[in-house]
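> Need the 3D shape of this:
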Amino acid sequence: MFESSYCSYAETGYFSQLIVDYLSGEKSLESFYEFSPDKEGIKKAIDKRVDFPVNRKLLVDELNLAYNGLPITDLVSQNIDALLKETTFTVCTAHQPNIFTGQLYFIYKIVHAIKLSEELNLQYADKHFVPVYFMGSEDADLNELGAIKIKGESLKWNTQQKGAVGRMLVDEELIALIDKLKCQCANDPYIEDIVTLLTKNYLPGQTINQSTLMLVNELFGKYGLVVFMPDNKHYKRECFTLFQNELLNGFSHKIIQDTINVFPGKYPIQTKGRAINLFYLHEDIRERIEKNENRFAVVNTDINFNEAQLIQELRDYPERFSPNVILRPLFQEICLPNIAFVGGGGELAYWLELKDVFKEANVFFPTLLLRNSFMLINKQTALSIKEIGISNSQLFLPEDQLAELFIRKLSVNTLDLNEQQIKLFELYEEMALMAASIDKTLKKHVLALQQKAGKRVGYLQKKMLKAEKRKYQDVLNKLKMIKDSLFPGEALQERNGNYFDFASSVGLDFLDVVYQHSASMDAKFCIVSEVGY
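Numbers count the residues shown, from 1 in each chain. Okay, the predicted model is just below:
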């Protein structure tokens, strides 16, 4: 059994000021998005989306091909078919195909898109909304996509393959990681279920694209989630005009620079883009395209084209062109009838730089929603939190501050010398006046002594606190256990933990727990505690 409570993202201290201000409706950010992140904003997005049609037949045909041969639920099948209708829209989230689902927030993103779609389906009886996971399979960062943490220990896929991770094949090294995961969770009651699930979906010789599709479909198919795989020549052919404009004119770069120049200076810039925001993707390479005088070169290769050759290559092999972080969102909105994008703080930060790029390309700019965040507290940790009496807001304090707070709360001794320090300062002020009446130059000397004395009192206070901490070592150990569990590596749990780490202890239906406590529009941080079975 689980119960939940909520706090604002600002209270956690773990979210950027940009995101906190975006959620609160900061005026200086209003010109950088089209629709407010609320029900009214979504309503306006739905009304405007009809002016930006997509090739629905192509979308449905390619989705059916992608799912061909897979066991799919009636709800997934119905959602795919519904996309043929002009009254059907999507709620999209995007993420790379990290092995074994990667970090926890991979799960949170998808569940949020599902919950929002369900709420909109209840709210708009004359329309239909489909949750979509856009698989960022063309990412080539294997260091990020090929590693997870289980029980605090890293599992890393040591493969010699290169290029887009989605195109890589499941090999012996990846299969071996399933065995390592089994060893690390050997004492967990549901580890065999996890191993069976992963073994069934990560088949030797199969692409990571296909394995991720199969795994995500098995986990989320019952909710009707549709997986969109953009590494597809037909989808990319739909973006021919966009890609051609980027290759020949580098149209997005100047617009991004203009946006950066007027972006509120108090916020850091997320991305500056490049002169050409497309990669060349072929076999085991995914490299940037750069223009050098009258030729276009693929970085770190001998491949190069003149202008006519490059456009012919785009026309003949659109699948060889891969949008980077700047153009991927436009690609998404060209192919999907999307009204809302669910993303993390970093994603929304760079989307806020793209509104004018969308406008220039005449592409729909969706509502931007911050994905849900969770803190998952197991029974043992929940009992410790209750026993010590830590509030939700206190959980987010740095460990040293939390420790000092509770030592002061528990101690029967006075650990604060502020009152004594004030009296000491007053005494030195009195002595300074006395000394100055004899020799004015002595006042400066006495004030210097005052500063030294104040520092020594501060040192004494720290030593008193340190001595008192030794009396409450059991409490401090529990505090450390709590912080290590909820903030591994001093970061949010969602950035280090993995879904299967929890599911191996609680069961695969733990996904339902996240689903039950996930909000669709209420932008708050959710704390989910295990209180029993």
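> hang on, N372 packs against I114?
No: in this structure, N372 is not within contact of I114 by C-beta atoms under 8 Å, at 10.8 Å. Every residue, glycine included, has its C-beta placed from N, CA and C.
> list the residues that contact both of these two?
Common contacts of N372 and I114 (C-beta atoms under 8 Å, 6 or more residues apart in numbering): S518.
> Could you list the low-pLDDT ranges of the chain?
406-420, 424, 457-458, 460-461, 464-472, 532-533 (pLDDT under 70).
> got the contact list for the residue nearest the centre of it?
Ranked by distance to the mean C-alpha position of the chain (C-alpha atoms, centre = their mean), the top residue is G344 at 4.0 Å. Contact analysis of G344 by C-beta under 8 Å, 6+ apart lists 105, 109, 370-371.
> Pop out the phi and psi values for the closest residue to G507 other than its chain neighbours.
Sequence neighbours aside, Y190 is the residue nearest to G507 in space, at 4.8 Å (criterion: C-beta to C-beta, 6 or more residues apart in numbering). Main-chain dihedrals, Y190, degrees, to the nearest 10: phi -110, psi 20.
> Relative to K180, how far out is Y190?
Relative to K180, Y190 is positioned 17 Å away (C-beta to C-beta, to the nearest Å).
> Neighbour count: the two, which is higher?
The residue with more neighbours, out of Y190 and K180, is Y190; 18 against 13, by other C-beta atoms under 10 Å.
> State the distance from the residue of the chain most remote from its centre to V446.
Most distant from the centre of the chain: I438, at 67.5 Å, with distances by C-alpha atoms, centre = their mean. The span separating I438 from V446 equals 11 Å under the rule C-beta to C-beta.
> cool, M481 as well?
M481 sits 49 Å away from V446, going by C-beta to C-beta.
> Could you do E287 as well?
Shown here: E287 relative to V446, a distance of 69 Å by C-beta to C-beta.
> swap in N496?
Using C-beta to C-beta, N496 is found at 53 Å from V446.
> For the stretch 101-250 of the chain, which segments count as strands?
Applying DSSP state E, counting those that start in this stretch to the stretch 101-250 of the chain gives strands spanning 128-135, 147-150, 153-156, 226-228.
> Mind putting those strands into CSV with mean neighbour count and distance to D509?
As requested, these are arranged in CSV below (neighbours: other C-beta atoms under 10 Å; distance: least, C-beta to C-beta, whole Å):
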stretch, mean neighbour count, distance to D509
strand 128-135, 25, 19
strand 147-150, 20, 19
strand 153-156, 13, 23
strand 226-228, 25, 21
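> Any idea which of those gets closest to G163?
Of all these, strand 128-135 sits nearest to G163, with 15.8 Å by C-beta to C-beta.
> Grab the CA positions of the closest one and hand them over as CSV.
Taking Å, rounded to 0.1, in the frame of the first residue of the first chain, the C-alpha atoms of strand 128-135 are listed here in CSV:
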residue,chain,number,x,y,z
HIS,A,128,-9.7,11.7,-28.9
PHE,A,129,-6.3,12.0,-27.4
VAL,A,130,-3.5,9.4,-27.8
PRO,A,131,-0.4,9.2,-25.5
VAL,A,132,2.8,8.9,-27.6
TYR,A,133,6.4,8.0,-26.7
PHE,A,134,8.7,9.5,-29.3
MET,A,135,11.8,7.3,-29.2
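> Sheet partners, orientation included, of that strand?
Strand 128-135 has the following sheet partners, assigned by DSSP bridges: strand 88-95 (parallel), strand 226-228 (parallel).
> Without its sequence neighbours, what residue ends up closest to L213?
When the adjacent residues along the chain are set aside, L213 lies closest to V227, with 5.1 Å between them (C-beta to C-beta, 6+ apart).
> Pretty sure A66 is one of the things that neighbour touches, is it not?
Yes: V227 is within contact range of A66, at 7.3 Å (criterion: C-beta under 8 Å).
> Give the residues shared as contacts by the two.
Common contact partners of V227 and A66 (C-beta under 8 Å, 6+ apart): L213.
> State the helix or strand in which A436 lies.
Using DSSP states H and E, the secondary-structure element containing A436 is helix 418-438.
> Packing partners of that helix?
helix 442-469 (3 or more C-beta pairs under 8 Å, 6 or more residues apart in numbering; DSSP states H and E).
> Now the helix or strand following the helix it packs on - C-alpha only, CSV.
Using DSSP H and E, the helix or strand that follows helix 442-469 in sequence is helix 473-486. As requested, C-alpha coordinates have been extracted for helix 473-486 and formatted as CSV (Å, rounded to 0.1, in the frame of the first residue of the first chain):
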residue,chain,number,x,y,z
GLN,A,473,25.1,8.9,16.3
ASP,A,474,22.1,6.5,15.8
VAL,A,475,19.9,9.3,14.7
LEU,A,476,22.6,10.7,12.4
ASN,A,477,23.1,7.2,10.8
LYS,A,478,19.4,7.0,10.1
LEU,A,479,19.4,10.5,8.6
LYS,A,480,22.3,9.5,6.3
MET,A,481,20.5,6.3,5.3
ILE,A,482,17.4,8.3,4.5
LYS,A,483,19.3,10.9,2.4
ASP,A,484,21.4,8.2,0.6
SER,A,485,18.1,6.3,-0.3
LEU,A,486,16.2,9.4,-1.5
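> Perfect, that will be all.
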